[in-house]
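>>> Fold the following.
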Amino acid sequence: MYARVARWEGGEPEAIRGFVQRVNADAGSGPPEGVPAKGLLLLADPDGGRSIAITLFETEADMRQGDATFNQMSPGDDAVGSRASVEMYEVGAEFRL
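From the prediction side, this is the model:
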């Protein structure tokens, strides 16, 4: 399993809250076309103006494809902040209690 971690900063609280609502509403239809993701964890700090999206992929090749697709997409409303960084990892452990 692999993870692409994208971080945004400088967002407006209501814009971030609205973005979170849109992602939750769209979750049932799966990831965007061209993003072979297996899961998503969206962390939001609206009052702090920041958020982190951790997208999970089955293979490194899938992660690279998803990264290329995400890099071509516009996040939409600039009020959600500016992308501060993107990092990629191999998942060392995953569990939920």
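
>>> so what's the nearest residue to Ala37 once chain neighbours are set aside scoring on pLDDT?
Excluding its sequence neighbours, the residue lying closest to Ala37 (C-beta to C-beta, 6 or more residues apart in numbering) is Pro31, at 4.2 Å. For the C-beta atoms, the positions are set from N, CA and C on the backbone; glycine is no exception. The score at Pro31 is 90. That number is its pLDDT.

>>> ok, Pro31 - contacts?
Ala37, Leu40, Thr55, Gly66 (C-beta atoms under 8 Å, 6 or more residues apart in numbering).

>>> Closest one of the residues you listed to Leu97?
Using C-beta to C-beta, Leu40 comes nearest to Leu97 of the contacts of Pro31, at 19.3 Å.

>>> of the contacts of Pro31, closest to Asp26?
For the contacts of Pro31, the residue nearest Asp26 by C-beta to C-beta is Leu40; the value is 10.4 Å.

>>> ok, residues contacting the helix or strand of the chain with the lowest mean pLDDT?
Across the helices and strands of the chain, the lowest-confidence element by mean pLDDT, DSSP states H and E is helix 13-26, at a mean of 93. By C-beta under 8 Å, 6+ apart, the list of residues contacting helix 13-26 from outside reads 40, 42, 44-47, 49, 51, 76-77, 79-81.

>>> same thing with stretch 43-59?
Counting by C-beta under 8 Å, 6+ apart, stretch 43-59 makes contact with 1-14, 16-17, 19-20, 31, 35-42, 63, 66, 70, 80-81, 84, 91, 94, all of which sit outside it.

>>> and that stretch, which residues are buried?
Ala44, Pro46, Gly49, Arg50, Ser51, Ile52, Ala53, Ile54, Thr55, Leu56, Phe57 (16 or more other C-beta atoms under 10 Å).

>>> Over to stretch 21-37?
Within stretch 21-37, the residues scored as buried using 16+ other C-beta under 10 Å are Pro31, Val35, Ala37.

>>> Would you double-check that the residue nearest to Ala37 falls in a strand?
No - the assignment for Pro31, made by DSSP: H, G, I helix; E, B strand; the rest coil, is coil rather than a strand.

>>> Give me the sheet partners of the helix or strand following the least confident helix or strand of the chain and which way each runs.
Under the assignment DSSP states H and E, the closest C-terminal helix or strand after helix 13-26 is strand 37-45. Listed by DSSP bridges, the sheet partners of strand 37-45 and their directions read strand 50-57 (antiparallel).
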